[in-house]
Every structure is written in structure tokens, then in C-alpha cells.
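Student: let's see this in three dimensions:
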Amino acid sequence: MCFFLDKMAPATIMPTLAAMPSRTDEAMGPPMLSILEKSVTMADPMTSTISLMTIKNNIGVNGAPAQIKLMWGLIMGVTSLVFTLTGGLDGIKIVKTIAGSPILIVGLAMMILFIVYIVKHGKSKEVQDMMVDRS
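Tutor: Okay, here's the model as predicted:
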């Protein structure tokens, strides 16, 4: 896969774009707009979720105030921009690793605790009922 991305993709994409009737930079407009649209579409729910999680008494609240959403959107945008400008793709990979580590630890803890639960309560009626094939 890496060989394809490093050697083959540029070798096939660039001649294809050069053979198009319009200029290459004009041909890149629609794909870039599509990427921008998808990024904005994905960023809005992420900002809304984080904003809602950070307000007090958020039970039954439909959405966080616009000021909090704006603050979190700016924080995430500036952070992404800083890591992209200072480290390029390697900076983004570092952020992904840092952000993914706690999720990995929580996932491993859940798996271990599930195994412990099954070992302790495996013979109980409740667990046996959950494991019965109900088809």
C-alpha cells in the first residue's frame, strides 16, 4: 500500500489531470471543495458534543450555548492548525497517538473487567441467560 501511495499514485494521478481539458489547478477545485465540505460537516457535531459535555447540568439540554461551541471550535481549529504548520503530517500523527492512548487504555480496561466479570459470575443464571442462543 505504501508503494502505491509513494510511487504509483502520483504517477497515475498527475498525467490524468494533465490530460484533462482544463488546467490542473481548476480540476482540483471540486475535490478540494468536497474535502472542505466534509471537514466542516464532521467538525460541527464534534464541537457540539464537546461543548455539551463541558457545561454543567447538561441532562435534558438540547444543545450548548453558541459561545461555548465557538470557543471549542476555535480551540480545536487553532490546535489543528498549529500541529499541521509546525509538524506537518508527522505533527498530526503525534496528536492522533496522544489522543488515542487514553482510549486504548479505557478499551483494554473494559476488556479485562469483562473477562473478570465472566470468570466471577460465569455460572450465575443471569450470565447463562445472556449467553443462550435465542434464535
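
Student: so where's the chain uncertain?
Tutor: Low-confidence segments of the chain, defined by pLDDT under 70: 1-28, 123, 126-128, 130-135.

Student: quick one: the helices in it?
Tutor: Assigned by DSSP state H, the helices in the chain fall at 2-3, 9-19, 24-27, 29-53, 66-121, 125-131.

Student: and these as JSON lines, adding distance to G60?
Tutor: Placement of C-beta: from N, CA and C, glycine included. What follows is those, written out as JSON lines (distance: least, CB to CB, whole Å):
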{"stretch": "helix 2-3", "distance to G60": "49"}
{"stretch": "helix 9-19", "distance to G60": "49"}
{"stretch": "helix 24-27", "distance to G60": "49"}
{"stretch": "helix 29-53", "distance to G60": "11"}
{"stretch": "helix 66-121", "distance to G60": "17"}
{"stretch": "helix 125-131", "distance to G60": "31"}
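
Student: dump the ones you listed into JSON lines; add distance to I59 and mean neighbour count as well.
Tutor: Formatted as JSON lines, those follow (distance: least, CB to CB, whole Å; neighbours: other CB atoms under 10 Å):
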{"stretch": "helix 2-3", "distance to I59": "47", "mean neighbour count": "7"}
{"stretch": "helix 9-19", "distance to I59": "48", "mean neighbour count": "11"}
{"stretch": "helix 24-27", "distance to I59": "50", "mean neighbour count": "12"}
{"stretch": "helix 29-53", "distance to I59": "10", "mean neighbour count": "12"}
{"stretch": "helix 66-121", "distance to I59": "16", "mean neighbour count": "12"}
{"stretch": "helix 125-131", "distance to I59": "29", "mean neighbour count": "9"}
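
Student: residue contacts, K38?
Tutor: For K38, the contact set (CB atoms under 8 Å, 6 or more residues apart in numbering) is empty.

Student: likewise L74?
Tutor: By CB under 8 Å, 6+ apart, L74 lies in contact with nothing.
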